[in-house]
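Peer 1: missing the sequence, but the structure's below:
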């Protein structure tokens, strides 16, 4: 036992867009063929505009083979072995701006100006392929099914059942609901029941945010004849706010009593950092307590038998991708049992190909049991990985415990 | 000097709705007469629904005379003297749900389903009355003008000039912009220039939030034949999120470079607690630093010569209404020079009529200079109160320093 079991709580995979065709329901293939060139053009524009094309190209150069692990089983095994990662939770959107599912059914799951049937078709195509990918190494891969749950809860429940029947271990839900019902609405109870009873983790993954507020878009477009103004600091605002939009659903779940009615449901908030946890829980607990501020607002807590922080400790995990040292130092305030390290492969903001250095920088000198929990133990329990089955792999590829000595 | 100078950074005043008539521009008086009964009905409904009518009625019973200080000069003097408060910053919306300006021009300043001309007319009516109220005790009262700045920046600038010419000390800006341009848009530069050059503090006051997300409203109304579902925990979600919506404009100002281009502008974030400050600044500073996360996003910091926390320390004050002990203990992390205590009179969540007890509970045992700064010294400098003129009043009504001994 000289090695740590490492499970990345945040990895991504996706096919090159054209290869999703065979996974799309036949009745949507004609639409797929029409939409593909549009999607390719949009991805290309996005990667020129929002991301900085030069930096991305530079970063990708010479790594094409390893990045193909975004969809290729053998390459993926080689990269993860090299990183010392025995298990992984797999979200959609592989190589940034390149491997997103059809019909905009990727991480952000927009609810406006989209066709729900098409988004569902794209999600199902990805889920089918994801089940295949995970089936090639089921002891290592916990795949996450895309579930655009906001339009039709019955359909969402059926997809949760399909995911369980096909070996997937969790579902990805939209972080933003637009003009649809937020997550405290009781209509979602069958969805929470299905996740709880079938043991699938419900995920909210960072990324979505009201980008039109930052970058303009159609919201405050210039009038005829005016020039489009560049909005200074838009990217800074996005990366400052995006973690809040990622955790926002949790506020609705907690106050909505979802953890009260479904005490065994498991929820993960992924890639939104963990730095917000202590002050977030302190705020909610303060609001939960009776104060002069809340007295005028009447009774809004008697449907909750526990404090918000207690639900968090019991039901919620934080997927702490590329966790910085500072968050490891705060682990007791955050909850050492609620943190799951992640590598975010194959995204350029992820730890690969510097995973070993980043891990050691973050965790060196901490107690062995804390490191073991955050690097893999917590995720193993939460997702039900078979530790015994993984042990020979860990013995071969896992990071040496001695690397982390102070 | 055995007494503290106390300035409340958060007080409210407003006329009973019908008495605003004389302050409304003549061309809007006919509309005023038509709108008044509708407004009265809406206030009555709001106070039955959102607030808990019983609690409010109970709280008001026997305090009718002191609550009339919301608009009556003499009563206001008596209440503030009794609280030991020598100076105050005055926002609109006096008695909760009763003294709001005409045409919905109160604290929340909505941008959708409203007539901009009417909201401006309501704001101007209130500002005229506020200038009168402050004129009755100019050394004690720093009035805040309502400025619905999002529709027309030139008009906003003219109102800032009017406010300065009429003795007001600050402006209240909308916390939420709906589909209009957020505050990093360069079109607002003339507004920031006016505030800076005329020395008026720009305020964002807590209250607005996307309440339809919490309470339903028209957003996800039931279909024909369905019953309206009660959404559990809606109030809890509101009071958990509202501080974030209050500070959100600051994120846009900081990244938008407003403090870089207008280094002397003064901004106050009022009644949003101060508990968020340390983690907020830590987050923004982290994003400002170069990380693998931000590298792929290109240059978004070179237009800022200082870290976000440095702009905050220099340009921003927090109006910490009814500040709890916990925030006083965190004063050095928040910035002891950036905290301004407030009483929130005449709101039921405010400290009155237990101001002395609450103050002592919050500040007892802290260094005298820190208490002096937070209770009044910071506000005196920020708003330019004449401390010498106030000294005789402080000697008469101010809280004894000895009350705060450990």
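Peer 2: Structure received. These figures come from a predicted structure and were not determined experimentally. Numbering: from 1, shown residues only, chains lettered A, B, ... in the order given.

Peer 1: From now on I want contacts and neighbour counts done on CA atoms only, so please keep to that.
Peer 2: Fine.

Peer 1: quick one: average pLDDT of stretch A:96-114?
Peer 2: The average pLDDT within stretch A:96-114 is 91.

Peer 1: before we move on, what about stretch A:344-356?
Peer 2: Averaged across stretch A:344-356, pLDDT comes to 92.

Peer 1: Could you give the separation between the terminal residues of it?
Peer 2: Counting by Cα to Cα, to the nearest Å, you get 14 Å between the two ends of stretch A:344-356.

Peer 1: and what of stretch A:73-91?
Peer 2: Note: stretch A:73-91 ends 15 Å apart using Cα to Cα.

Peer 1: Stretch A:109-124 too?
Peer 2: 13 Å.

Peer 1: Let me see the contact set for residue A:335.
Peer 2: By Cα atoms under 8 Å, 6 or more residues apart in numbering or on different chains, the residues touching residue A:335 are residue A:313.

Peer 1: For the stretch 101-250 of chain A, give me the ranges with low pLDDT.
Peer 2: Scanning the stretch 101-250 of chain A for pLDDT under 70 picks out A:217-228.

Peer 1: can you pull out the strands in it?
Peer 2: For the stretch 101-250 of chain A, the strands defined by DSSP state E, counting those that start in this stretch cover A:141-146, A:170-172, A:201-205.

Peer 1: which stretch among those strands comes nearest chain B?
Peer 2: Closest of those to chain B is strand A:201-205, at 15.5 Å (criterion: Cα to the nearest Cα).

Peer 1: Centroid-nearest residue for chain A?
Peer 2: Chain A has residue A:205 as the residue nearest its centroid, 2.9 Å off, counting by Cα atoms, centre = their mean.

Peer 1: What is the burial count for the residue nearest to it when sequence neighbours are not counted?
Peer 2: Among residues not flanking residue A:205 along the chain, residue A:270 sits closest, at 4.7 Å (Cα to Cα, 6 or more residues apart in numbering or on different chains). When neighbours are defined as other Cα atoms under 10 Å in any protein chain shown, residue A:270 has 26 of them.

Peer 1: OK, contacts around the nearest residue to residue A:157 once chain neighbours are set aside?
Peer 2: Residue nearest to residue A:157 in three dimensions, not counting chain neighbours: residue A:191, with 5.4 Å by Cα to Cα, 6+ apart. Counting by Cα under 8 Å, 6+ apart, residue A:191 touches A:153-154, A:156-157.

Peer 1: Which one of those residues is nearest to chain B?
Peer 2: Using Cα to the nearest Cα, the contacts of residue A:191 come closest to chain B at residue A:153, 14.4 Å.

Peer 1: tell me the pLDDT at the residue nearest to residue A:205?
Peer 2: 97.

Peer 1: Contacts only, for it.
Peer 2: A:9-10, A:203-206, A:246, A:318-321.

Peer 1: got it, and residue A:29?
Peer 2: Residue A:29 sits next to residue A:21 when contact means Cα under 8 Å, 6+ apart.

Peer 1: Need phi/psi at it.
Peer 2: For residue A:29, the backbone dihedrals are phi -70, psi -30 (criterion: degrees, to the nearest 10).

Peer 1: so what's it scoring on pLDDT?
Peer 2: pLDDT, read off for residue A:29, is 97.
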